[in-house]
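In: With the input below, show me the fold.
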Amino acid sequence: MVNITHKTSTLRVAIAQALVKLSSAATLTAILDKKVPKGDVFEVARVAGLFAAKRTSDLIPDCHPLPIEFTQINYQINPADLIVQIIVEIYTIYKTGVEVEAMHTASVVALTMYDMLKPIDKGIEIQQIKLLEKHGGKSDFNDEEIGKLKAAVMVCSDSISSGKKTDKAGLTIIEKLAKYGIENPDYIIIPDEPEQIKTQVLEFCQQEFHLVVITGGTGLSKRDQTPEALHPLIDREIPGIAEAIRAYGQQRTPYAMLSRSVVGFVGKTLVMALPGSTRGAAESVDAVFPAILHVFSVGKGNQHKQKKT
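Out: Residues are numbered from 1 along each chain as shown. Modelled structure (predicted):
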C-alpha cells in the first residue's frame, strides 16, 4: 500500500457514473411503477451503494481505509434510449481522494439494478463506469499564474559552515522545491550569527528574490537566533503558515511544538525560517507547498480561486 503519511488532509470530492441500458420500455415502466418482483429497484440499489462506499477498501487491495463524510446517489433517466444514469458523489476530509470509492459505489448500484431486473429483462447492459470529476488534492492548489520564481535556500549552522558537518536539510529543500517548478535556487551556508543572517536576507531582498527559505536556527539552544534576526526585518508576518507547519509536524513528532518557525514578507520577498533537521525541513515543505505559492498570485492582484465542491 502506498505511503500517504506525508500528505495533508483536505476536503476531497469525487463524482462518478455508471449507465444501465435496458432492453425494453416495459422494464423502465416496471421500475418507475415499483412493480419489479424483487422490490423498489432504485431504493434497494441506493442502499447497496451506501454499503459499497464504506466497504471499498475491504475489496480493493491498495485502497486506503478512509472516512466517508457524505455520499449521494442520484438517477437520471433517458426514456428515449432506455438508459438510467447513476451519478455518485462522495466527500471526505482525508489525505487521499475518493475516486475509487465513487466508481466502486456506482458499479455496485449498477450491479444491484442488474440483479433485480434480470428476471424481467435479459438484455440489460452495464456501461461506462467512469470518473466524472474530482477535486481537493494538491493539484487543485498548484498556482500556474505565478510564473518563474527567483529563490534562495540559506542554511544557518555553525557546524556546517565550519565544515564539521555536511548539509542535508538545505539540499532536501532544494530537491522538494524543484517538484513545484522552483529550480536552481541560490544556495548559501552561513553560521548562526544574527547580523550575518540579517545582512544576507536583506541582500536577497535587494536583488529582488521572490522566495528565501532558511533552514536552521529555529530551535531553543542559545545559538538558535534566526527568528530574532528576522523579526525586525519582517514587514508582514503570516502566522498561519508557521502554525500549519507546526500542526503538521506535531502529528508526526511531539517535539514539533518547540520549533520557532517564522514566515513573512521582507519587502516583496517571502522569507521562511524552517527547522534545521533534515526531517523537519522536509516535513515543513510538505506541510505548506504548493498552497503557499498562492501568495505570489495574490501579490499580483489575483483573487483566491474558488474550488468547486
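In: which ones are touching residue 101?
Out: 14, 53, 56, 63, 66, 68, 90, 92 (C-beta atoms under 8 Å, 6 or more residues apart in numbering). In this view, the C-beta of every residue, glycine as well, is placed from N, C-alpha and C.
In: Secondary structure, neighbour count and pLDDT for those - can I get that in TSV?
Out: As requested, these are exported to TSV (DSSP: H, G, I helix; E, B strand; the rest coil; neighbours: other C-beta atoms under 10 Å; pLDDT from 0 to 100):
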residue	secondary structure	neighbour count	pLDDT
14	strand	23	97
53	helix	23	97
56	helix	22	96
63	coil	17	94
66	coil	21	95
68	coil	18	96
90	strand	29	98
92	strand	23	96
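In: For stretch 162-181, measure first residue to last.
Out: For stretch 162-181, the first and last residues are 31 Å from each other (C-alpha to C-alpha, to the nearest Å).
In: Over to stretch 156-169?
Out: Start-to-end, stretch 156-169 (C-alpha to C-alpha) is 10 Å.
In: Just the mean pLDDT for that stretch, thanks.
Out: The pLDDT scores in stretch 156-169 average 96.
In: now the residue lying closest to residue 78 once chain neighbours are set aside, which residues is it bridged with?
Out: The spatial neighbour of residue 78 that comes closest, neighbours along the chain excluded (C-beta to C-beta, 6 or more residues apart in numbering), is residue 85 at 7.0 Å. Counting by DSSP bridges, residue 85 forms beta bridges with residue 19, residue 76.
In: any idea how far residue 123 is from residue 85?
Out: According to C-beta to C-beta, to the nearest Å, residue 85 and residue 123 sit 18 Å apart.
In: Looking at the two, which is more packed in?
Out: It is residue 85, of residue 85 and residue 123, that has more neighbours when counted by other C-beta atoms under 10 Å, with 16 against 11.
In: My guess is the residue nearest to residue 78 contacts residue 21. True?
Out: No: using C-beta atoms under 8 Å as the test, residue 85 is too far from residue 21 to be in contact (10.3 Å).
In: What is the neighbour count of the nearest residue to residue 39 once chain neighbours are set aside?
Out: Leaving aside its sequence neighbours, residue 39 sits nearest to residue 116 (C-beta to C-beta, 6+ apart; 6.9 Å). Counted with other C-beta under 10 Å, residues neighbouring residue 116 total 22.
In: what do you get for residue 121?
Out: 19.
In: pLDDT at the residue lying closest to it once chain neighbours are set aside, what is it?
Out: Leaving aside its chain neighbours, residue 121 sits nearest to residue 27 (4.2 Å; criterion: C-beta to C-beta, 6+ apart). We note a pLDDT of 96 for residue 27 in this prediction.
In: you'd agree residue 27 is up against residue 120?
Out: Yes: the criterion here is C-beta under 8 Å, and residue 27 meets it with residue 120 at 6.1 Å.
In: What distance do you get for the closest residue to residue 192 other than its chain neighbours to residue 56?
Out: Spatial nearest neighbour of residue 192, chain neighbours left out: residue 223 (4.4 Å); criterion: C-beta to C-beta, 6+ apart. Distance, residue 223 to residue 56, by C-beta to C-beta: 51 Å.
In: same thing with residue 158?
Out: Relative to residue 56, and taking C-beta to C-beta, residue 158 is found at 52 Å.
In: low-confidence ranges in the stretch 151-300 of the chain?
Out: 299-300 (pLDDT under 70).
In: which stretches of it form strands?
Out: 151-156, 186-190, 211-215, 236-237, 262-266, 269-274 (DSSP state E, counting those that start in this stretch).
In: rewinding a little: what about the residue nearest to residue 39, which helix or strand?
Out: If you go by DSSP states H and E, residue 116 is part of helix 99-117.
In: Report the buried residues of that helix.
Out: 99-114, 116-117 (16 or more other C-beta atoms under 10 Å).
In: same question for it, mean pLDDT?
Out: On average, the pLDDT along helix 99-117 is 98.
In: following it, which helix or strand comes up?
Out: strand 125-135.
In: Lovely, talk soon.
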